[in-house]
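Trainee: no letters, just coordinates:
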């Protein structure tokens with residue numbers, strides 16, 4: 001087993017517990033090529049899946065995705081040929097989930113019910129992410145041949161305008177402002193909406209159990225309020241640091257890690273404080289009733305954000321959030337009443 005393979009294998013085991021992801025800047029040239037090969041294979045499969053999904057109703061778009069899948073396959077062959085020339089036949093096993101900050105792909109089963117326009121935009125985002133990867137990767141290499149190929153692939157992945165024309169999108173070469181607006185919108189979602197949503201979900205759901213357990217165990221509104229405040233602030237600090245340290249944003253394009261950390265931490269605190277503040281009311285049952293109403297409002301707000309910005313069907317988002325929140329809510333009451 002090569003040293004590269006050994007490092008990745010060790011990282012796989014540690015990643016199970018949330019540790020051991022490699023920093024992109026720590027990868028050597030062989031690992032960068034191996035990662036690129038894996039990414040091109042994944043993207044080719046995704047484009048082929050899109051083509052198969054759309055073939056019956058949208059044959060023209062399906063043909064474009066067929067072509068894009070073949071292009072990814074061509075890129076994969078180029079990368080394998082260069083790896084064979086530089087490092088031999090054995091390619092280290094390294095996946096996108098092994099690398100900190102590496103862009104993720106939406107699971108294909110989540111795209112089955114998306115509108116065609118959303119799938120088209122998803123393809124543009126994939127191309128932009130791949131281009132960013134090759135640009136960053138080329139900066140880490142010193143071998144002229146490797147650097148040239150990575151640069152060529154960055155140019156190939158950067159064909160946004162031709163891709164837009166082929167997919168029938170509204171981007172036109174003259175419509176620079178619209179293109180910049182869409183790029184800014186994507187950054188807004190990645191830097192603010194996504195970490196804020198994760199924080200709001202964590203704060204709204206994870207603090208339910210300790211809050212209502214304390215409420216039904218003590219029947220003291222002030223003590224319950226203190227537990228809620230402590231849980232909210234503690235969760236906010238934890239989520240903020242976790243978000244800030246998880247990804248420096250250079251490869252994923254998610255922007256400043258500290259902005260994301262502040263957003264995630266603040267929304268976590270807000271999510272927890274929403275149903276803790278009612279316990280400033282001295283009457284226990286009035287406070288508990290108001291807190292329960294606010295929990296319902298918070299969960300529906302989360303469902304709406306997921307539907308609005310994350311392309312999740314509203315009923316599915318509502319079902320997932322409400323069921324999860326109800327289970328945590330019931331757990332807190334049962335423990336507090338024991």
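Mentor: All right, it came through fine. Owing to the predicted nature of the structure, the values given are computational and were not obtained by experimental measurement.
Trainee: what about residue 67, distance to residue 37?
Mentor: Here residue 67 is placed at a distance of 20 Å from residue 37 (Cβ to Cβ, to the nearest Å). Using the backbone N, CA and C atoms, a C-beta is placed for each residue, glycine as well.
Trainee: those two - which one has more neighbours?
Mentor: residue 37 (21 against 13; other Cβ atoms under 10 Å).
Trainee: pretty sure that one contacts residue 79?
Mentor: Yes - contact status for residue 37 versus residue 79: in contact at 4.8 Å, counting by Cβ atoms under 8 Å.
Trainee: can you tell me the element residue 105 falls in?
Mentor: Assessed by DSSP states H and E, residue 105 sits outside every helix and strand.
Trainee: and for residue 322, nearest residue in space, chain neighbours not counted?
Mentor: residue 299 (5.4 Å; Cβ to Cβ, 6 or more residues apart in numbering).
Trainee: oh, I was asking about residue 39
Mentor: Per Cβ to Cβ, 6+ apart, closest to residue 39 is residue 96, 6.1 Å.
Trainee: report the contact partners of the one you found.
Mentor: 35, 38, 39, 42, 102, 103, 104, 105 (Cβ atoms under 8 Å, 6 or more residues apart in numbering).
Trainee: rerun that using 10 Å as the cut-off
Mentor: Counting by Cβ atoms under 10 Å, 6 or more residues apart in numbering, residue 96 touches 35, 38, 39, 42, 102, 103, 104, 105, 133.
Trainee: closest one of the residues you listed to residue 197?
Mentor: residue 104 (15.0 Å; Cβ to Cβ).
Trainee: I'd guessed the closest one sits against residue 129; true?
Mentor: Yes - under the criterion of Cβ atoms under 10 Å, residue 104 makes contact with residue 129 at 9.1 Å.
Trainee: of those two, who's got more company?
Mentor: Neighbour totals were compared for residue 104 and residue 129, and residue 129 leads with 19 against 9 (other Cβ under 10 Å).
Trainee: secondary structure element holding that one?
Mentor: Per DSSP H and E: helix 116-140 holds residue 129.
Trainee: state the mean pLDDT of whatever helix or strand residue 261 lives in.
Mentor: Taking DSSP H and E as the definition, one finds residue 261 inside helix 257-274. Here helix 257-274 scores 88 as its mean pLDDT.
Trainee: helices or strands next to it in the packing?
Mentor: If you count contacts as 3 or more Cβ pairs under 10 Å, 6 or more residues apart in numbering; DSSP states H and E, helix 257-274 packs onto helix 194-206, helix 208-218, helix 221-246, helix 284-309.
Trainee: show me what the first one is packed up against.
Mentor: In this case it means helix 194-206. Looks like helix 194-206 contacts helix 221-246, helix 257-274, helix 284-309, helix 314-337 (3+ Cβ pairs under 10 Å, 6+ apart).
Trainee: can I get the helices and strands packed on helix 257-274 in JSON lines with distance to residue 321?
Mentor: Listed next are the helices and strands packed on helix 257-274 as JSON lines, based on distance: least, Cβ to Cβ, whole Å:
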{"stretch": "helix 194-206", "distance to residue 321": "7"}
{"stretch": "helix 208-218", "distance to residue 321": "12"}
{"stretch": "helix 221-246", "distance to residue 321": "17"}
{"stretch": "helix 284-309", "distance to residue 321": "5"}
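Trainee: would you list those in JSON lines and tack on distance to residue 328, mean neighbour count and mean pLDDT?
Mentor: Below are these laid out as JSON lines (distance: least, Cβ to Cβ, whole Å; neighbours: other Cβ atoms under 10 Å; pLDDT from 0 to 100):
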{"stretch": "helix 194-206", "distance to residue 328": "5", "mean neighbour count": "24", "mean pLDDT": "84"}
{"stretch": "helix 208-218", "distance to residue 328": "4", "mean neighbour count": "22", "mean pLDDT": "87"}
{"stretch": "helix 221-246", "distance to residue 328": "12", "mean neighbour count": "19", "mean pLDDT": "88"}
{"stretch": "helix 284-309", "distance to residue 328": "10", "mean neighbour count": "17", "mean pLDDT": "87"}
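Trainee: distance of residue 85 from residue 91?
Mentor: Residue 85 is 13 Å from residue 91, by Cβ to Cβ.
Trainee: many thanks, I have nothing further to ask.
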